[in-house]
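Participant: The sequence and its predicted three-dimensional model are supplied below.
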Amino acid sequence: MTPKNLSRSCSVVGAITLSALLLPLSAAHAAAPAPRVTASTADAFGRVADAVFTDRTAALLDRAPTARTALKATTAGIRVSGALARTENTALSSLRGTRSRLAALGEAYSAADTEVAVDRTRVTGRLATAWVTETTTLTYRKIRGDEPATTGFRAHHVLTFAAQPDGTWRLTGERSTDKGPRQVNEPVTTAPRRTTMAVVDAPRAATTYPAPANPKTLTGGPYDYAGMATYAEKYWKNYNPAYRSFNSVGGDCTNYVSQALKAGGWATVAGSDEEYGTWNYTSSTQTDTWVGVNEWSWFTQTARRSTPLANVYQMDIGDVMQMDFDKDGSKDHSMITSYRSAGGVPYLTYHDTDTYRRSLSSLLAAYPNAAYYGYRT
């Protein structure tokens, strides 16, 4: 991802009607002019969010249940607005399409677990906003036999609830606040992103499986590729406090990839006569090439730190992939390969949305129209 002013950032519930028991808006009568969110109400907000995201995750399972996830509590409930219910029907249909594309690529999930924590709430008039963190883990079904055990991500959402005259809250809106690729259980959307960046010269990579052989020497060379993967998997959700985070200024994906590459032996370059020839991070500043998606690509070509791969399935441990979500010539997101199966499937770990060992197949299924770039580091 890139901070503001650099290249562009690594940029609800079908007919769920959860038990209709009234939730208190306050200790006063439901008609009170200023509803407030009590601890029990906030807990119910979290449980309805959990139900929404659990349904989304379940739509990806190869044996997805036909019934929707019910709110587990028996003493509280929230209705979902009709508009949001229709939107979620479409979302779940989209995710079933993702599941089908995954199956065609030889991948499936056999189980999943979703947990939601309410970070904070705010009431404005008769609307309540809840900021929540979703943590989801999916189990890979052993199809080829060499898949890792799980993939996981942590995502952040904003939910909107409207106070009703009868004393209940109604879920009326949900949106993700993360800037990277949509999380594994986020439905595919068709709205394109816009940018004014110039076309990037790096060649696109093919996405067919299996890929032509392009073996990589993992040990004995100048770089510690295992160390890159270890670093990436250690800090995928618990950020390294030794580095600044750029989530609030465009995204942290390329900053995170740069950290992993440095951990594996990439030397920083503080000065260069070449444009985009520097790559450096200090306690007070950093180069654009350290944090910018396209700038990082231009640096690696200038300094010959990487070689473009003909096919992204050729990526191995420590290799980097970038995505151009809408094929407009400007790359949007950077991620690093932290695992590769014996059958030749790379698994990517990245920030924005913070994700651990997501398969390349999953990304291709979620972004069938994106452009992909593979870098041998």
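Facilitator: It's in. Since this is a predicted model, take the numbers as computed values, not measurements.

Participant: What are the contacting residues of the strand with the most length in the chain?
Facilitator: For the chain, the longest strand by residue count, based on DSSP state E, is strand 109-124. Strand 109-124 is contacted from outside by 34-37, 42-43, 45-47, 49-50, 53-54, 57-58, 60-63, 102, 128-141, 156, 185, using C-beta atoms under 8 Å, 6 or more residues apart in numbering. No exception for glycine: its C-beta is placed from N, CA and C like everyone else's.

Participant: List the ones among these that fall in helices.
Facilitator: Among these, the residues falling in helices (DSSP state H) are 42-43, 45-47, 49-50, 53-54, 57-58, 102.

Participant: partner residues bridging residue 139?
Facilitator: residue 111, residue 150 (DSSP bridges).

Participant: Then residue 311?
Facilitator: Counting by DSSP bridges, residue 311 forms beta bridges with residue 206.

Participant: give the contact list for residue 265.
Facilitator: Residue 265 touches 222-224, 227, counting by C-beta under 8 Å, 6+ apart.

Participant: That one and residue 254, how far apart?
Facilitator: Noted for residue 265: a distance of 18 Å to residue 254, by C-beta to C-beta, to the nearest Å.

Participant: and what of residue 85?
Facilitator: 38 Å.

Participant: higher neighbour count, the two?
Facilitator: Using other C-beta atoms under 10 Å, the more surrounded residue of residue 85 and residue 254 is residue 254, with 35 against 17.

Participant: about what we covered before: TSV please, covering the ones in helices among the contacts of strand 109-124 and showing pLDDT, distance to residue 357 and neighbour count.
Facilitator: Formatted as TSV, the ones in helices among the contacts of strand 109-124 follow (pLDDT from 0 to 100; distance: C-beta to C-beta, whole Å; neighbours: other C-beta atoms under 10 Å):
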residue	pLDDT	distance to residue 357	neighbour count
42	91	32	16
43	91	31	14
45	92	30	25
46	92	26	20
47	90	28	19
49	92	25	25
50	91	23	20
53	93	19	25
54	92	21	22
57	94	16	24
58	92	20	22
102	92	15	21
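
Participant: just the helices in the stretch 201-350 of the chain please.
Facilitator: Using DSSP state H, counting those that start in this stretch, the helices of the stretch 201-350 of the chain run over residues 225-234, 253-263, 288-291, 293-302.

Participant: Which stretch among these approaches residue 92 most closely?
Facilitator: helix 253-263 (27.6 Å; C-beta to C-beta).

Participant: what's the angle from that closest one to helix 225-234?
Facilitator: Using axes from the mean of the first three to the mean of the last three C-alpha atoms, to 10 degrees, the direction of helix 253-263 lies 140 degrees away from that of helix 225-234.

Participant: now the helix or strand of the chain with the lowest mean pLDDT: how far from the chain's centre is it?
Facilitator: Across the helices and strands of the chain, mean confidence by mean pLDDT, DSSP states H and E is lowest for strand 79-80: a mean of 82. In terms of C-alpha atoms, centre = their mean, to the nearest Å, the centre of strand 79-80 is found 26 Å from the chain centre.

Participant: For it, name the packing helices and strands.
Facilitator: Packing partners of strand 79-80 (3 or more C-beta pairs under 8 Å, 6 or more residues apart in numbering; DSSP states H and E): strand 169-176.

Participant: No further questions, thank you.
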